[in-house]
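Visitor: My questions are about this predicted structure, shown below with the sequence.
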Amino acid sequence: MTHIVRDKKKLIQRINRIQGQLNAAKDKLEDEITDNCDAILHLIAACRGAMNSLMYEVIVEHVRHHMINPDKNPTSKQSKATQLLLNAIKSYL
């Protein structure tokens, strides 16, 4: 949990930006303009990308802090497996 506290300000700033994007999408929906579909879709995609990035950042810090730090011993089998897992998660998100 200390890593979350250490990065708290940065994570809250990211969440605030996501809230801004969500509010912009809500505003577009409330405008009731029929040709807003592409703008709304872009805003939703941006929100999803931002949420995925936030999720990835928290996952990486969790794995590195609570499980294993691949930077401490990059030749170990566990470190390589950890990095492969993080790469797969990043690709998924």
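Guide: Received the coordinates, thanks.
Visitor: Show me where the chain dips below the pLDDT cut-off.
Guide: 1-3, 34, 69-75 (pLDDT under 70).
Visitor: and after the helix ranked longest in it, which helix or strand comes next?
Guide: For the chain, the longest helix by residue count, based on DSSP state H, is helix 37-62. Next in sequence after helix 37-62, counting helices and strands by DSSP states H and E, comes helix 77-92.
Visitor: Which strands or helices does that next one pack on?
Guide: Counting contacts by 3 or more CB pairs under 8 Å, 6 or more residues apart in numbering; DSSP states H and E, helix 77-92 packs against helix 37-62. In this view, the C-beta of every residue, glycine as well, is placed from N, C-alpha and C.
Visitor: buried set for the helix it packs on?
Guide: 40, 43, 46-47, 50-51, 54, 60 (16 or more other CB atoms under 10 Å).
Visitor: Now distance to Met67 too, for those residues, in a markdown table please.
Guide: Putting these into a markdown table (distance: CB to CB, whole Å) gives the following:
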| residue | distance to Met67 |
| --- | --- |
| Ile40 | 39 |
| Leu43 | 35 |
| Ala46 | 31 |
| Cys47 | 29 |
| Ala50 | 25 |
| Met51 | 23 |
| Leu54 | 19 |
| Val60 | 11 |
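Visitor: nearest to Lys9, of these?
Guide: Taking CB to CB as the measure, Lys9 sits nearest to Leu54 out of those, at 13.9 Å.
Visitor: Count the residues that sit near the spatially closest residue to the closest one that is not a sequence neighbour.
Guide: The shortest distance from Leu54 to any non-neighbouring residue, by CB to CB, 6 or more residues apart in numbering, is to Arg14 (5.2 Å). For Arg14, the tally of surrounding residues (other CB atoms under 10 Å) stands at 17.
Visitor: now swap in the one 5 residues further on and tell me
Guide: Residues near Gln19, counting by other CB under 10 Å, number 12.
Visitor: so where does it fall, helix or strand?
Guide: helix 8-31.
Visitor: So which bits of that helix are buried?
Guide: Here helix 8-31 shows 11, 14, 18, 21-22, 24-25, 28 as buried, counting by 16+ other CB under 10 Å.
Visitor: Save those residues as JSON lines, and put in distance to Ser76 too.
Guide: Formatted as JSON lines, those follow (distance: CB to CB, whole Å):
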{"residue": "Leu11", "distance to Ser76": "29"}
{"residue": "Arg14", "distance to Ser76": "31"}
{"residue": "Ile18", "distance to Ser76": "36"}
{"residue": "Gln21", "distance to Ser76": "40"}
{"residue": "Leu22", "distance to Ser76": "41"}
{"residue": "Ala24", "distance to Ser76": "45"}
{"residue": "Ala25", "distance to Ser76": "44"}
{"residue": "Lys28", "distance to Ser76": "49"}
